[in-house]
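**Q** need coordinates for the below:
(chains A, B, C and D, ligands or ions: 6)
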Amino acid sequence: MNKPRMEIKIGSMMMKNPVTVASGTFGYGPEYAELVDLNRLGAITVKGICPDEHVGNPTPRTFETRGGMLNAIGLPGPGAKGFLKKYIPFLKQFDTPVIVNIWGKAMEDYGRVVELLDDEPAVSAYEINLSCPNVKEGGSAFGTTLDMFSRTVELVRGKTQKPIIPKLAPNVPNIGSFAKAAEECGSDAVSIMNTMPAMAIDIETLKPQLANRFGGLSGPAIKPIAIKLVFDAFRACRIPIIGMGGIFEPEDAIEFMVAGATAVAVGTANFVDPGTLVRVIDGIETYLARKGHAAATEIVGMVKA
Amino acid sequence: MNKPRMEIKIGSMMMKNPVTVASGTFGYGPEYAELVDLNRLGAITVKGICPDEHVGNPTPRTFETRGGMLNAIGLPGPGAKGFLKKYIPFLKQFDTPVIVNIWGKAMEDYGRVVELLDDEPAVSAYEINLSCPNVKEGGSAFGTTLDMFSRTVELVRGKTQKPIIPKLAPNVPNIGSFAKAAEECGSDAVSIMNTMPAMAIDIETLKPQLANRFGGLSGPAIKPIAIKLVFDAFRACRIPIIGMGGIFEPEDAIEFMVAGATAVAVGTANFVDPGTLVRVIDGIETYLARKGHAAATEIVGMVKA
Amino acid sequence: MKQEKAAVLEHQNFQGEYRILRLAAPEIGPQVRPGQFIHLQIPGMGDRILRRPFSIYKASGEGVSILYKPVGRGTEAMIPLRPGAPVDLIGPLGNGYPELGKGRTPVLVAGGYGNAALFLKAKELPLKGVAFFGGRTAQDILCVEEFKALGWDVRPTTDDGSLGTKGLVTAAFDPWLEQQDANTLELFVCGPNPMLKAMGDRAMAHGFTAWLSLDKNMACGVGACLTCVIRRKTADGWEWARCCKDGPVFESREILWDE
Amino acid sequence: MKQEKAAVLEHQNFQGEYRILRLAAPEIGPQVRPGQFIHLQIPGMGDRILRRPFSIYKASGEGVSILYKPVGRGTEAMIPLRPGAPVDLIGPLGNGYPELGKGRTPVLVAGGYGNAALFLKAKELPLKGVAFFGGRTAQDILCVEEFKALGWDVRPTTDDGSLGTKGLVTAAFDPWLEQQDANTLELFVCGPNPMLKAMGDRAMAHGFTAWLSLDKNMACGVGACLTCVIRRKTADGWEWARCCKDGPVFESREILWDE
Ligand SMILES: Cc1cc2nc3c(=O)[nH]c(=O)nc-3n(C[C@H](O)[C@H](O)[C@H](O)COP(=O)(O)OP(=O)(O)OC[C@H]3O[C@@H](n4cnc5c(N)ncnc54)[C@H](O)[C@@H]3O)c2cc1C
Ligand SMILES: Cc1cc2nc3c(=O)[nH]c(=O)nc-3n(C[C@H](O)[C@H](O)[C@H](O)COP(=O)(O)OP(=O)(O)OC[C@H]3O[C@@H](n4cnc5c(N)ncnc54)[C@H](O)[C@@H]3O)c2cc1C
Ligand SMILES: Cc1cc2nc3c(=O)[nH]c(=O)nc-3n(C[C@H](O)[C@H](O)[C@H](O)COP(=O)(O)O)c2cc1C
Ligand SMILES: Cc1cc2nc3c(=O)[nH]c(=O)nc-3n(C[C@H](O)[C@H](O)[C@H](O)COP(=O)(O)O)c2cc1C
Ligand code: FES
Ligand code: FES
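**A** Ligands and ions are numbered 1, 2, ... in the order given. Next up is the predicted model:
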């Protein structure tokens, strides 16, 4: 039997398989390079970058919960120029497209960061973080009000020919409207989901477990929420979806694809088992072969519902 | 040392302690009566009641997930008259207030069900389910659009002098606005949270794991989401909050109270360990005593954030 | 119905893939009626939280025993349980099998763990008759000698013919039925859904009574959550009945099978 | 840095509440430098998912050993691990302690599992000097005889006076320091944060070098998540440094302590 075709496309970006990493859980590439063969990945999605250097939140920044974890890292990073200088030479060594996750404190930052990055050919696509629950400056408002969402996406669209992928906030009653708005503003795909706004409190000290008070919930706990959002978005738009939220096993990734995701991202699982990425890629291929599919794209959105 | 005062008040309803059960996880009272001393509870909250008998969803109705479960029971029930006849005589045997969770397929149903129940003195309060993700008729729209939310609450307010407690949907970006709207419409408290809209798919059959396709996620997985919502609502309104979502241990209940909940409800944990309710009640009392508090109300919203 | 902290007394291979778990549960044990089940909280199930129901194979003042086959997360997590380990039980649950009707001839029909679920009933029944047990291979047919020792005429069927008649339970049951006065039969059945349905269909076609013990996924086990419902016929249609509380045993005429 | 499926070789009580876990890890073992750690995936942690970091006490071609005290969910879940059990490791991680500076006199300061974390360094150092070990009671001071056998002059302090000087490590260290040529000292420290800070303060006040191994909660352990950061001084302010990757060992002057 022939091997199933694993390639998928996000706009003009070819991925050799549907599996990337969730922004912020894989650093900028080098961190896991000794443990994971970066050439195996469909794409490398790097941690959020804004135009300038950013300091992020004080510690504690993460907290383990039942079936998941909270984080409020707060998007520390080297800024666009720092990123280009520090990480692009490393990333160029691999035959794997690079998706840069971008964010801003104000709307114009989303344009500025693209302007700073766009000449670099090793930057393959932009994932637009419109939904980070961990920065005070407004990241989350961009993702939960349709008007600001659309304006931000349009702004980015005007600055680049590369694929743009807005990352949707999960805490809305109508994810479909955001997916459709993304499509209408010329997006090439959407990512679903960012972490869920959440909180934990130490009942002895009465202090929040995170220095930032709030954080985002990720991990297996949120998978059923993410599957529903992907399912809803798939019915509302015609652009590809990158699905994520609690993918720990190949079966989880396949479930996202069956729900409507063209590609998937492994996040928190990297911390638990860096072998997850390769296991998920191989597991998808095995499933496709067993089910007699010729291509990964065949199972996208095939849920009987 | 004196025992801490465990009593709390929701409008005119006195509860001997802050602990009730989450609607739908404890039947109508008799189901757990052999395992749980109903006289120990702060209140008994019964499964959702609408004016008429309702059949609910086909099976499978529940599905276990990592750290939680999905349900799409679909609110089957005997209707208001059936409830009064079948369960009120039983419930009257106990010295524990009864909160009736009400819902409707259309807005006027919310009024009708109260009209049918209100003369019964054993009905102590109404929890208004405006957020059930499992009925097609619109339960969830009542909870995610402020205008419909307010109109429904006002309608119920006009029909009864008893305490009314709107139950808020978690899948909104601005829970505070709903809490505030509830207050402005004359609510005595709000309940937070209902289950989170979610989905799971069997990748072998490609069918959703629930006959209703979607369901609501409950259990430990959602606790950090619920804590955040309670925290936000506490800052937005001055009426008491009944907090719930993944309470399995006394520490969980205390965390809700510290975040801003005056009372708490144990839901999914009843299925896992019916002893949870009494353990939670005793655990809160022990904590209060150890920390030198004279009353349960002293820790409400005491988080240092 | 009690919630009891029990301790593992014995846990070992029983036959084929089946294992026996014997639990010290002096409060629950004496209350058990045939056909009831326990709801077991399985330690070490990781992030899976719900209990699992198991039919009671044997019960005494000391406690209860169950027979199970590891088939999924819960049952696989049971394997490492060692004697002395604490486990939390709720039970006995469900209605169990009714008394044999006057003038009726009892018949047992079972498959898989159904044999275990019928054992207490087989012991209690005042008359012993024929017992039809089906399974994939000889290894899947449990407790044959025990049922024989009680006086039952055991007629095994196996998919591969390794024991008794080759084929499904119906391959042995149907020819036998032809020769019976069907009206007087009273069947006690526990097994996979298709077996239950096959026996229910025959009961209605031939006018005998068949008590079917249903296996539906459960959450609470006590009637509170409405997970485990089946459609039960009523005078003017149907109503939901809870397998955990109103069942798991229903008479074949009560059940409206889903397509 | 490797991810390796290791097997438990030995697991038993070590001293007081401390336990030793010896793991077969032939890929990781030979790569270890003193002061590095492993990131352990603990089986049976239920619905908690993250790994836990542990300093490497001993390492060889065969694998690694760690010493730990059950204090929370992860460390308590380790207790039932039996020889032969598989566990997943990432390591060796972190920078470890640097070489001793020329003309310097090494000093060890440790508390709790810090004694274990310093053992490989203590062995490797070309000179042996004084080792200040603090603990609540005699039971909490690990490996005293082992350090003595290597040639170290061990000076224990205990809160209850059950071994050595009564008081904190500083109760023994400060009077001793008075008599030293502070400039030539080079401290290797691992212990609770207040101990690290106390030593760091003295290093800066008296002008000696102190290498402090920090304990910050970790998620990834490899530098990717930015959970475990501390403020490291720079020419014009400070920057975040990751304890897992840039540390866990920092020189006292590098660290900007949080209030
Ligand atoms: C009243 C009653 C009595 C039972 N008695 C016994 C008994 O005596 N011995 C015994 O071995 N088992 C018995 N079962 C089934 C048992 O409770 C478990 O559900 C089953 O063994 C699978 O559980 P698991 O956790 O191992 O699998 P899971 O992890 O839950 O699932 C593994 C696979 O099994 C399927 N599955 C889960 N639960 C059921 C179910 N109830 N019916 C059919 N398929 C299911 C799932 O769809 C999945 O494919 C009984 C069930 C009921 C309702
Ligand atoms: C580089 C490094 C090396 C370490 N080496 C060892 C070692 O050799 N031996 C050893 O026993 N432990 C060591 N630890 C600590 C260990 O990793 C565990 O974090 C700690 O034992 C508690 O884990 P737990 O899962 O049992 O507790 P948890 O369930 O995580 O928490 C229980 C309690 O411990 C607290 N806690 C959790 N993690 C830490 C932490 N990192 N620091 C301080 N408090 C914490 C929590 O706040 C909580 O109150 C090391 C930590 C680091 C960062
Ligand atoms: C530690 C951590 C850091 C993250 N940082 C980012 C980020 O910089 N930008 C972003 O868009 N999402 C970020 N996320 C969200 C993830 O990309 C992903 O959307 C989310 O974690 C859900 O997937 P998971 O459950 O597989 O982790 C972060 C998540 C974690 C856990
Ligand atoms: C099986 C089940 C049935 C439920 N039925 C109702 C209901 O009838 N009305 C309602 O308002 N909430 C219902 N809920 C939601 C719970 O009351 C509660 O809000 C939610 O489960 C979160 O709490 P938990 O995590 O403690 O279960 C139901 C939840 C479950 C699990
Ligand atoms: S399992 Fe809850 S009603 Fe039967
Ligand atoms: S633990 Fe992830 S960066 Fe250190």
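**Q** what sits against whatever residue of the stretch 1-150 of chain A ends up closest to ligand 4?
**A** Closest residue of the stretch 1-150 of chain A to ligand 4, C-beta to the nearest ligand atom: residue A:66 (10.9 Å). (Each C-beta comes from the backbone N, C-alpha and C, glycine too.) Contact partners of residue A:66, counting by C-beta atoms under 8 Å, 6 or more residues apart in numbering or on different chains, are A:221, B:67, B:220-221, B:223, B:246, C:47, D:47-48.
**Q** report the separation between it and residue D:49.
**A** With the distance defined as C-beta to C-beta, to the nearest Å, residue A:66 ends up 9 Å from residue D:49.
**Q** what sits opposite residue 19 in the beta ladder?
**A** In the absence of a named chain, chain A is used. Note on residue A:19: beta-bridge partners by DSSP bridges are residue A:264.
**Q** wait, chain C
**A** Going by DSSP bridges, residue C:19 forms beta bridges with residue C:13, residue C:68.
**Q** my guess is it meets residue C:10, correct?
**A** No. Here residue C:19 lies out of contact with residue C:10, judged by C-beta atoms under 8 Å, at a distance of 10.2 Å.
**Q** these two: who's more crowded?
**A** Legend: neighbour count by other C-beta atoms under 10 Å in any protein chain shown for residue C:19 and residue C:10, higher for residue C:19 (19 against 11).
**Q** now do the same contact list for that one.
**A** Contacts of residue C:19 (C-beta under 8 Å, 6+ apart): C:11-13, C:67-70, C:78-79.
**Q** tell me which of the residues you listed is nearest to residue B:277?
**A** When the contacts of residue C:19 are compared for distance to residue B:277 (C-beta to C-beta), residue C:78 wins out at 26.8 Å.
**Q** what's the local residue count around that closest one?
**A** Counted with other C-beta under 10 Å, residues neighbouring residue C:78 total 22.
**Q** ok, and the closest non-adjacent residue to it?
**A** In space, and not counting its chain neighbours, residue C:78 is closest to residue C:42: 5.6 Å by C-beta to C-beta, 6 or more residues apart in numbering or on different chains.
**Q** now the element after the worst-scoring helix or strand of chain A on mean pLDDT, going C-ward?
**A** The weakest-scoring helix or strand in chain A, judged by mean pLDDT, DSSP states H and E, is helix A:139-144 (a mean of 73). Of the helices and strands lying after helix A:139-144 in sequence (DSSP states H and E), the nearest is helix A:146-157.
**Q** and the gap between the nearest residue to residue A:92 once chain neighbours are set aside and residue A:99?
**A** Of all residues beyond its chain neighbours, the one nearest residue A:92 is residue A:122 (5.1 Å), with distances taken as C-beta to C-beta, 6+ apart. Shown here: residue A:122 relative to residue A:99, a distance of 11 Å by C-beta to C-beta.
**Q** that older thread, of the contacts of residue C:19, closest to residue A:215?
**A** Looking across those and measuring by C-beta to C-beta, the closest to residue A:215 is residue C:78, at 36.0 Å.
**Q** I figured that closest one hits residue C:18, correct?
**A** No. Under the criterion of C-beta under 8 Å, residue C:78 makes no contact with residue C:18, lying 12.0 Å away.
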